[in-house]
Every structure is written in C-alpha cells, then in structure tokens.
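*Asks:* I'd like to go over a predicted model; first the sequence, then the structure.
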Amino acid sequence: MRHQYQRRHSRWYEVLLLGLSFHVLVGMPLAIMLPGLERWGWGFWEYLPDVRRNTMAAIGLAFLASALTLRRMARFPGAHLAANIMPTVSVAFLICVAVLFFTREGYTRQVMFGGYLMCLAWFYLGYFIGRRFRRLKMALVPFGETHRLLGTRQVDLRLLERPDLEGIRVDGVVADLRAADLPPEWETFLARCTLCHIPVYHIRQVSESISGRVQIDHLSENEFGSLLPPLFYIGFKRAVDFIGAVLLLPLLLPVMAVVALAVKLDSRGPVLFLQPRMGYKARPFLMYKFRSMHHDMSGEDFTISEDDPRITRVGRVLRKYRLDELPQIFNILKGEMSFIGPRPESVSLSEWYEQDVPFFSYRHVVRPGITGWAQVEQGYAAEVDGMTRKLQYDFYYIKHFSLWLDVLIVLKTARILWTGFGAR
C-alpha cells in the first residue's frame, strides 16, 4: 500500500513568504522603483547621476539587510517579528544614511524616506498575510521523551496513537530518534514521512526551538558541529564592543556623574560596588557597578527578592532601569565584558555551581555581558533558585552564538528598559 502523506504548508508558501529570493526579486525593486517614480518620474532609470545611484543603492542595501535580519531572527523563540520590524528597518536605513553623510555622498532625502516607508509596508504586509500560516502543526511519536513537549501559540502538537497520520496534513513529525523503545513499525512510519517530504525532527531540536533553552545533561555542540563558538564572530564582536563603548562613553559620562551623586547623597558608603566575577576563559575580574545596597548590611552573593531590605531607595530605581550597570562600560573597554553575553557570576557562586554541573565553566567560552539571552527571556531571577534554567538559556546562547541572536537580544533589552519587565 502506498502512503501519500501531505505537508500542511506547501512549497509555494515557503518560497513566497519565507524565501529571501522573493524579497530580493519583488520587494526590493518595489521599494526602490515606486519612490523613484514619484520623485523623478517615468523613465528615471535612463539617466542615473551619482545622487540617484547612491539613493537607490542605499535603499536596496537597507532592504536587503532588513530582510536578512528579520528572516534570521525568526528562527529564535519569542522573536515577536511584528514588534521588531520597525526598529530593524529603521536601524538599517539610519546606518545607510550615516554612511552617505560621513562619506559626503549625495542622495535624495524624499526618495530615501519613501523607500523607508515602502520597506515598512512590505514587511508588515508579509507578516500579516503569513500570520495565519505561522502556527505549525506537528505530530508527536509517543515514545521516548516526546511527552515532555508542550504546545505554544506558535506550535500545535498532536500526539499520534498509531503509526499513521490518518489523512491529517502536518508541517512535520517530532520523534525521539534515540528512544530505545521505538518499535520497528514506527521507524517504518518515519521513513515513509521522509519519502513524502514531511520533515522528521528529533525532540531535542524542537524542544530548543520552542523553549529557547538547551538541556544541560551534557554538552551540546553548535550548528557547525563544534563546541567552540565561531572565532571570527568572537573577534568581530570584540571590535564592535570596543568601538561602541568608545562612542558611548562621552554620552554616558554626564549620566554616570548624576547617578554617582544620587548614590552618594542617598546612603553612606562608596559610590561604586566592585566584586570579583568569573569572566572570559574562566579568568576572574573586578566588575564595576553603582552601589544599590546599603554598605553596612551583610548578605549572600545574590538578591533574595525584590523586597530585599538591603536595597536603597535610589538602588531600586537604578536596578529597574539597569542604571547600576553603566560603569561596566569600562569593563567592556578593558576586554573583560561584552555588551551581550551570559551574566558573569561571582567567583564564589561559580565554584559552588560547578559542584552540581561539572561543565558549568563552559559558559565562560564567550565574554560575559551586561545583558544576555537569559536576562531577556527569564528576567533577573535569584541566581540560586533559577540557576539551572538560567544555565540552559546561557548554553542556548552559546550554541547559537551569532549576530542575529545578538540583534534580537538588543531589541528585547530595549523593550525591557522601556517597560521595566524583568528588573530585579
């Protein structure tokens, strides 16, 4: 008997709504041509002075960067594309305008702004058209660890009772491919699904994509099959951190002076709090923070709750808006920290954690950061209570260490600072 299982989302949907080529072949020409026609008139392509070429090239590059960034960010859980479209497109166009400005190349502002509006319209239209297709329907093979998976707003999970899809169209099948109790007839079923071009996913891959966490029962390699993050991106990220810190320092110094004065007037004690933290390559360093606790009250290395009596009045405000972290820009300049990375733990806590998780030190394979994947997904929970979950987020960040994940963390951090969510 020949089985003809069918996927729920056909290939045309993947090409039109998810394929980068469709954006380049259709969306980018529209974003360039329509504003050009409105400003320069029909046939403007027959005469292209430098001003027009620069404008068209800038719109095209900004469109391409936005499409690529949004597409790559969509792979990560909790990406919230609708909220990320405007900041992503805006930053891409601002960078292009900045390059034209500093290189003193001419461009047409009206056409550039029109291209910006067209890009926003294109990506929002694609988002709302594709929204009804974005909830994936996955079939679960009832063996091994698949019972641990829970559905979300993006993924609908259906537990199979026998090795047959029973005429139901799904986007993929999830199975524990290493389950010892997987019967031969179910293995045959998975083979038939593959022959019908229905993807079969291992449970670990789907679990990570839904939760944004990596199970820490053992070390997990990245998408390149290695435990070591890409060395090129480590170097590139360090250069971006240093340049960004140098550019931000003149802007932050007046703010830090005001914060320092507030801390000094609010309670007795030093303005800065210096604590040994475990850093890059497991090397201890002194992390700088504005003091947010009373100097003469003792306690553990972690905050028990938001009502901790050790926190000062000014300290609560500093913690809510992360202003106590501002001095860490000097740690970034020294190469001890990054803007984005796993949160550095105190040396004593790091030694304590490693007693329970032998490979805890693996999180030091990248530079620690002011903000990170665990902070934007979990919030600033108490270290001891949330250590396991936070470590799962940290390992996910290291496994997917990339520019696209860092961009998503920046956007999520901006929303947290605006709303105050996750403050501790």
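*Replies:* Structure's in. What do you need?

*Asks:* quick check, residue 363 in a strand?
*Replies:* No - for residue 363, which was evaluated using DSSP: H, G, I helix; E, B strand; the rest coil, the result is helix, with no strand membership.

*Asks:* doesn't residue 396 make contact with it?
*Replies:* No - distance between residue 363 and residue 396: 11.0 Å, which falls outside the contact criterion (Cβ atoms under 8 Å). Yep, even glycine has a C-beta here, placed from its N, CA and C like the rest.

*Asks:* name the helices or strands packed onto the longest helix along the chain?
*Replies:* When every helix of the chain is counted residue by residue (DSSP state H), the longest turns out to be helix 231-266. Helix 231-266 sits against strand 284-290, helix 313-320, helix 328-333, strand 338-340, helix 403-419, with contacts defined as 3 or more Cβ pairs under 8 Å, 6 or more residues apart in numbering; DSSP states H and E.

*Asks:* the ones you listed: which one's closest to residue 175?
*Replies:* With Cβ to Cβ as the measure, helix 403-419 is the member of the helices and strands packed on helix 231-266 nearest residue 175 (26.9 Å).

*Asks:* now do the buried residues in that closest one.
*Replies:* Judged by neighbour count using 16 or more other Cβ atoms under 10 Å, the buried positions of helix 403-419 are 404, 405, 406, 407, 408, 409, 411, 412, 413, 416, 417.

*Asks:* excluding chain neighbours, what is closest to the fifth one?
*Replies:* Read that as residue 408. Closest residue to residue 408 apart from its sequence neighbours, by Cβ to Cβ, 6 or more residues apart in numbering: residue 73 at 4.8 Å.

*Asks:* next one: the third one
*Replies:* If you skip the residues right next to it in sequence, residue 406 has residue 340 as its closest partner in space, 4.9 Å away by Cβ to Cβ, 6+ apart.

*Asks:* dig out what that neighbour forms beta bridges with.
*Replies:* Beta-bridge partners recorded for residue 340 (DSSP bridges): residue 371.

*Asks:* who touches it in this structure?
*Replies:* Contact criterion Cβ atoms under 8 Å, 6 or more residues apart in numbering gives 237, 369, 370, 371, 372, 406, 409, 410 as the residues in contact with residue 340.

*Asks:* among the helices and strands packed on helix 231-266, which is nearest residue 159?
*Replies:* Residue 159 sits nearest to helix 403-419 of all the helices and strands packed on helix 231-266, at 31.1 Å, using Cβ to Cβ.

*Asks:* the closest one - contacts with which helices or strands?
*Replies:* Using 3+ Cβ pairs under 8 Å, 6+ apart, helix 403-419 sits against helix 50-73, helix 81-102, helix 231-266, strand 338-340, strand 369-371, helix 373-378.

*Asks:* which of these has the lowest mean pLDDT?
*Replies:* Ranked by mean pLDDT, the helices and strands packed on helix 403-419 end with helix 373-378 in last place, scoring a mean of 87.

*Asks:* quick one: the helix or strand that comes right after that helix to helix 403-419, angle?
*Replies:* Toward the C-terminal end, the helix or strand that comes next after helix 373-378 (DSSP states H and E) is helix 387-399. On the basis of axes from the mean of the first three to the mean of the last three Cα atoms, to 10 degrees, helix 387-399 is oriented at 130 degrees to helix 403-419.

*Asks:* could you pull out the buried residues of helix 387-399?
*Replies:* Those buried within helix 387-399 under the rule 16+ other Cβ under 10 Å are 387, 389, 390, 391, 392, 393, 394, 395, 396, 397, 398, 399.

*Asks:* what about the last one, distance to residue 276?
*Replies:* Taking Cβ to Cβ, to the nearest Å as the measure, residue 399 and residue 276 are separated by 28 Å.

*Asks:* pLDDT below threshold where in the protein?
*Replies:* Low-confidence regions of the chain, defined here as pLDDT under 70, cover residues 1-3, 9-20, 131-134, 218-219, 221-225, 296-308, 379-386, 419-424.

*Asks:* okay, domains of it per the record?
*Replies:* The chain breaks down by automatic domain parsing into domains covering 11-133, 136-211, 231-419.

*Asks:* with respect to residue 220, which of those domains lies nearest?
*Replies:* Among the domains of the chain, domain 231-419 comes nearest to residue 220, with 5.7 Å by Cβ to Cβ.

*Asks:* picking that back up, between strand 284-290 and the following helix or strand past the longest helix of the chain, find me the angle.
*Replies:* Using DSSP H and E, the helix or strand that directly follows helix 231-266 along the chain is strand 272-278. In terms of direction (the same axes, to 10 degrees), strand 272-278 departs from strand 284-290 by 150 degrees.

*Asks:* okay, buried residues for strand 272-278 please.
*Replies:* Of all the residues in strand 272-278, those buried under the rule 16+ other Cβ under 10 Å are 273, 277, 278.
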